[in-house]
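In: sequence first, predicted coordinates after that:
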Amino acid sequence: MEDNDVINLWKSYDKKLEETLSLNRKNVTDITKIKVGSLISSMRPIKIFTLLVGIIWVILVDVLIIKLYPVASPFFLISATVQVVLTKIAVGVYIYQLILIRQIDIDASILSTQKRLAGLQASTIWITRLLFLQLPVWTTFFWSRRMFETGNTFLYALPIVITLGFTAAALWLFLNIKIENRDKKWFRLIFDGKEWSPVLKSMDLLKEIREYQNEKPVA
Amino acid sequence: MNLVDTSGQFVGVIENHKGILFKIANSFCQNSEDQKDLVQEIVLQLWRSFSNYSREFKYSTWIYRIALNVAISYQRREHRRKQNTQALPEEIFGVADTGMADSMNEHLLLLQQFIAELKDLDKALMLLYLEEKSQKEIGEIMGLSESNVATKVGRIKNKLKQKFLSLKTT
């Protein structure tokens, strides 16, 4: 089939559409009456819920640190502080990304718009990296001085080994959760589930855009 | 211009370019419910951007940019149906029951199937090529140089030729 045949085929489709397609003008007019919603109203309830839980958690831990500061063990205070700081950064990054995604100019060229959008969506994995970095402090917040002063070798060697293991895992995940590893089995296992589907699809599109821009023109 | 005039002008623009929206929705979504949802989403985004429309571009160029951007983004969504919290009106298009699907020839159905199977960016490029947009205009919409457009269109056309050829030989 020659180029002209394909174009003519498409024109015949156009002609058929011209004959059969009608616009429901009232419904289009109704769309023009829809007010632009706020950032919150455009978010899905589960995302609002997750964000709220994150904010409430941060406030609670902050209050706990302040109230218990004079009496709590230094292990608890340091663990809670590290945890709450990382959670605050994660919540902040999430809100910042949502705002940036909303501000993207949808009538710019397709490659530039999609590159920005997909890039921002894919960078959501940064939040997961930060949250994984908290792993070790979940194994240290209950430590106490007494544990090391009065316990036997096994009693304090065991938590240290567990914490070292969690630290190694956290650092490994923090360094390896990146777009380049998206096809690895362990990566797909962590990001399994439909809520991660837009992020994985964004990574695939970014790869497609890169290939698109790098394709050499035929001389 | 007041809101009623602007709204009327917008409806007129959509009326004149309704075929573009239908073809894009049809190419990017196979499910008819998703197609309706995508058309609504495109019209909504077009309306939101209508005040920023720049006369340096043709309406069709502006519509293609937004519609293709919305369609490609729509593919990545977790839950496609009804993401807007505000209820959108029912169907935008009516298709007269004249047996359009039955009357489409085999080649046209094959062409549609071929387009549907393409990756999102190739799909966008192919639709613009079929609409006989110039390489310059395709480049403006896609964000590519003219030589890049020529290379990519050539590659997709070759794939299409092979598809039709394999059909002939089977």
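Out: Looks like it arrived, so ask away. Residues are numbered from 1 along each chain as shown, chains lettered A, B, ... in the order given.
In: not counting sequence-adjacent ones, nearest residue to residue A:13?
Out: Nearest residue to residue A:13, sequence neighbours excluded (C-beta to C-beta, 6 or more residues apart in numbering or on different chains): residue B:108, at 5.7 Å. Glycine gets a C-beta too; all of them are placed from N, C-alpha and C.
In: and residue A:101, by the same measure?
Out: Nearest non-adjacent residue to residue A:101, counting by C-beta to C-beta, 6+ apart: residue A:120, 5.2 Å away.
In: rewinding a little: settle this for me: the residue nearest to residue A:13 is touching residue A:15, isn't it.
Out: No: in this structure residue B:108 lies outside contact range of residue A:15 using C-beta atoms under 8 Å: 11.1 Å.
In: those two: which has the busier surroundings?
Out: Under the criterion of other C-beta atoms under 10 Å in any protein chain shown, the comparison of residue B:108 against residue A:15 puts residue B:108 first, with 16 against 11.
In: quick one: the strands in chain B?
Out: In chain B, the segments counted as strands under DSSP state E are B:93-95.
In: closest residue of it to chain A?
Out: Nearest residue of chain B to chain A, counting by C-beta to the nearest C-beta: residue B:143, 3.0 Å away.
In: burial count for residue 165?
Out: Chain wasn't specified; assuming chain A. Applying other C-beta under 10 Å, we find 13 other residues in the vicinity of residue A:165.
In: that answer is for a different chain, and I need it for chain B
Out: Per other C-beta under 10 Å, the neighbour tally for residue B:165 reads 11.
In: tell me the centre residue of chain A?
Out: Central residue of chain A (C-alpha atoms, centre = their mean): residue A:124, 2.2 Å from the mean position.
In: which pLDDT value belongs to the nearest residue to that one once chain neighbours are set aside?
Out: Leaving aside its sequence neighbours, residue A:124 sits nearest to residue A:199 (C-beta to C-beta, 6+ apart; 5.1 Å). Among the per-residue scores, residue A:199 holds a pLDDT of 89.
In: residue A:192 is in contact with residue A:199, correct?
Out: No: between residue A:199 and residue A:192 no contact is recorded; they are 11.8 Å apart, counting by C-beta under 8 Å.
In: show me the contacts for the residue nearest to residue A:13.
Out: Taking C-beta atoms under 8 Å, 6 or more residues apart in numbering or on different chains, we find residue B:108 in contact with A:9, A:12, A:13.
In: show me what the one helix or strand the first one maps to is packed up against.
Out: When secondary structure is defined using DSSP states H and E, the element that contains residue A:9 is helix A:3-20. For helix A:3-20, the elements it packs on are helix B:18-28, helix B:100-103, helix B:106-117, helix B:120-130, helix B:146-169, judged by 3 or more C-beta pairs under 8 Å, 6 or more residues apart in numbering or on different chains; DSSP states H and E.
In: could you give the average pLDDT over the fourth one?
Out: Per-residue pLDDT values over helix B:120-130 give a mean of 95.
In: one step back: tell me the buried residues within the contacts of residue B:108.
Out: Buried members of those, counted by 16 or more other C-beta atoms under 10 Å in any protein chain shown: A:9, A:13.
In: turn the contacts of residue B:108 into a markdown table, including distance to residue B:13 and pLDDT.
Out: Listed next are the contacts of residue B:108 as a markdown table, based on distance: C-beta to C-beta, whole Å; pLDDT from 0 to 100:
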| residue | distance to residue B:13 | pLDDT |
| --- | --- | --- |
| A:9 | 27 | 89 |
| A:12 | 25 | 90 |
| A:13 | 22 | 89 |
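In: give the contact list for the residue nearest to the spatial centre of chain B.
Out: In chain B, the residue lying closest to the centroid (C-alpha atoms, centre = their mean) is residue B:24, at 2.2 Å. Neighbouring residues of residue B:24 by C-beta under 8 Å, 6+ apart: B:38, B:42, B:67, B:68, B:71, B:127.
In: how about 6 Å then?
Out: Neighbouring residues of residue B:24 by C-beta atoms under 6 Å, 6 or more residues apart in numbering or on different chains: B:67, B:71.
In: and what of residue A:2?
Out: Counting by C-beta under 6 Å, 6+ apart, residue A:2 has no contacts.
In: for chain A, what helix or strand is lowest in average pLDDT?
Out: The weakest-scoring helix or strand in chain A, judged by mean pLDDT, DSSP states H and E, is helix A:145-150 (a mean of 79).
In: for the next helix or strand after that one, buried residues please.
Out: Going down the chain from helix A:145-150, the next helix or strand is helix A:153-176, by DSSP H and E. The neighbour-count check on helix A:153-176 (16+ other C-beta under 10 Å) flags A:159, A:163, A:166, A:167, A:170, A:173, A:174 as buried.
In: CA atoms only: put helix A:153-176 into PDB for me.
Out: In PDB, the C-alpha atoms belonging to helix A:153-176 read as follows (Å, rounded to 0.1, in the frame of the first residue of the first chain):
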ATOM      1  CA  THR A 153      27.200  -9.800  75.600                       C
ATOM      2  CA  PHE A 154      24.500 -11.500  73.700                       C
ATOM      3  CA  LEU A 155      21.800  -9.100  74.900                       C
ATOM      4  CA  TYR A 156      23.500  -6.100  73.500                       C
ATOM      5  CA  ALA A 157      25.200  -7.800  70.500                       C
ATOM      6  CA  LEU A 158      21.900  -8.900  69.100                       C
ATOM      7  CA  PRO A 159      20.200  -5.500  68.700                       C
ATOM      8  CA  ILE A 160      23.500  -4.100  67.300                       C
ATOM      9  CA  VAL A 161      23.600  -6.800  64.700                       C
ATOM     10  CA  ILE A 162      19.900  -6.200  63.800                       C
ATOM     11  CA  THR A 163      20.500  -2.500  63.500                       C
ATOM     12  CA  LEU A 164      23.500  -2.900  61.400                       C
ATOM     13  CA  GLY A 165      21.600  -5.300  59.100                       C
ATOM     14  CA  PHE A 166      18.700  -2.700  58.800                       C
ATOM     15  CA  THR A 167      21.200   0.100  58.200                       C
ATOM     16  CA  ALA A 168      22.900  -1.900  55.400                       C
ATOM     17  CA  ALA A 169      19.400  -2.700  53.800                       C
ATOM     18  CA  ALA A 170      18.300   0.900  54.100                       C
ATOM     19  CA  LEU A 171      21.400   2.300  52.500                       C
ATOM     20  CA  TRP A 172      21.300  -0.300  49.800                       C
ATOM     21  CA  LEU A 173      17.700   0.400  49.000                       C
ATOM     22  CA  PHE A 174      18.300   4.200  49.100                       C
ATOM     23  CA  LEU A 175      21.200   3.900  46.600                       C
ATOM     24  CA  ASN A 176      19.600   1.300  44.300                       C
END
